[in-house]
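Colleague: this one's sequence-less:
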């Protein structure tokens, strides 16, 4: 079975902190994605990557950056956390053009 | 116009009935279509994918695609209370392109 893991299920950070969310997949998938999910707004794509060291902006990249140094690992970075970044963050991976497999999610609270 | 639209619901059906979930998309270049199920507090999981016009059946689930009308649907036969969840429609143009998710339809199956 495909396994996508995320570094934390719950995280509480203070405004202005630099926050790292890590995602690891074990199926050698080319594509990896970071989404945030908020009530009433659905899944919104932050960044995606279709290869090592490659990244593409999604719909809401502002305030975020990403890093993909190895194929299996895709990191989301909040440079200076703000309260409006309180959300559920979901990582996903996929083979090119096929279905996505999601991690369990990280519920981030910024106070 | 939103790229992928779904009725937000909630859609309520009695146990044993057929649940019909609809999705429309705006990009005529879309090639791959997915249905995900998301239970409350959990990550989305793939139910069905469809690439060609027509119907695709898998157990109690049938996906229907009509590219000319830019319409994809999911039918759930013999609905069970365990089918109560939010159903997300997702669409992509190509292997290297981002996946666009709809806002989801909340389904409630009443015993």
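Modeller: Looks like it came in fine. Please read all numbers here as calculations on a predicted model, not as lab measurements. Numbers count the residues shown, from 1 in each chain, chains lettered A, B, ... in the order given.
Colleague: for residue B:101, which non-adjacent residue is closest in space?
Modeller: The spatially closest residue to residue B:101, leaving aside those adjacent along the chain, is residue A:43, at 4.3 Å (Cβ to Cβ, 6 or more residues apart in numbering or on different chains). For glycine as for every other residue, the C-beta is placed from the backbone atoms N, C-alpha and C.
Colleague: in this structure residue A:29 contacts residue A:97, no?
Modeller: No: Residue A:29 lies out of contact with residue A:97 (Cβ atoms under 8 Å); the separation is 11.4 Å.
Colleague: who has more neighbours out of these two?
Modeller: Neighbours were counted for residue A:29 and for residue A:97 using other Cβ atoms under 10 Å in any protein chain shown; residue A:29 has more, 21 against 17.
Colleague: so what's the backbone phi/psi at the spatially closest residue to the more buried one that is not a sequence neighbour?
Modeller: Nearest-residue entry for residue A:29: residue A:93, 4.0 Å, with adjacent residues in sequence omitted and distances by Cβ to Cβ, 6+ apart. Main-chain dihedrals, residue A:93, degrees, to the nearest 10: phi -140, psi 160.
Colleague: who are the neighbours in contact with residue B:108?
Modeller: Residues counted as contacts of residue B:108 (Cβ atoms under 8 Å, 6 or more residues apart in numbering or on different chains) are B:9, B:10, B:11, B:12, B:13, B:84.
Colleague: okay, and it sits in which element?
Modeller: Applying DSSP states H and E as the criterion places residue B:108 in strand B:105-110.
Colleague: buried sites along that strand?
Modeller: B:105, B:106, B:107, B:109 (16 or more other Cβ atoms under 10 Å in any protein chain shown).
Colleague: pick out the most distant pair among those residues.
Modeller: Pairwise distances across those (Cβ to Cβ) peak at 12.9 Å, for the pair B:105 and B:109.
Colleague: now the spatially most central residue of chain A, what's its secondary structure?
Modeller: Centroid-nearest residue in chain A, with Cα atoms, centre = their mean: residue A:34, separated by 3.0 Å. On the three-state scheme (DSSP: H, G, I helix; E, B strand; the rest coil), residue A:34 is labelled strand.
Colleague: correct me, but residue A:100 touches residue A:90?
Modeller: No: contact between residue A:100 and residue A:90 fails when scored by Cβ under 8 Å: they sit 9.6 Å apart.
Colleague: who has more neighbours out of those two?
Modeller: It is residue A:100, of residue A:100 and residue A:90, that has more neighbours when counted by other Cβ under 10 Å, with 27 against 24.
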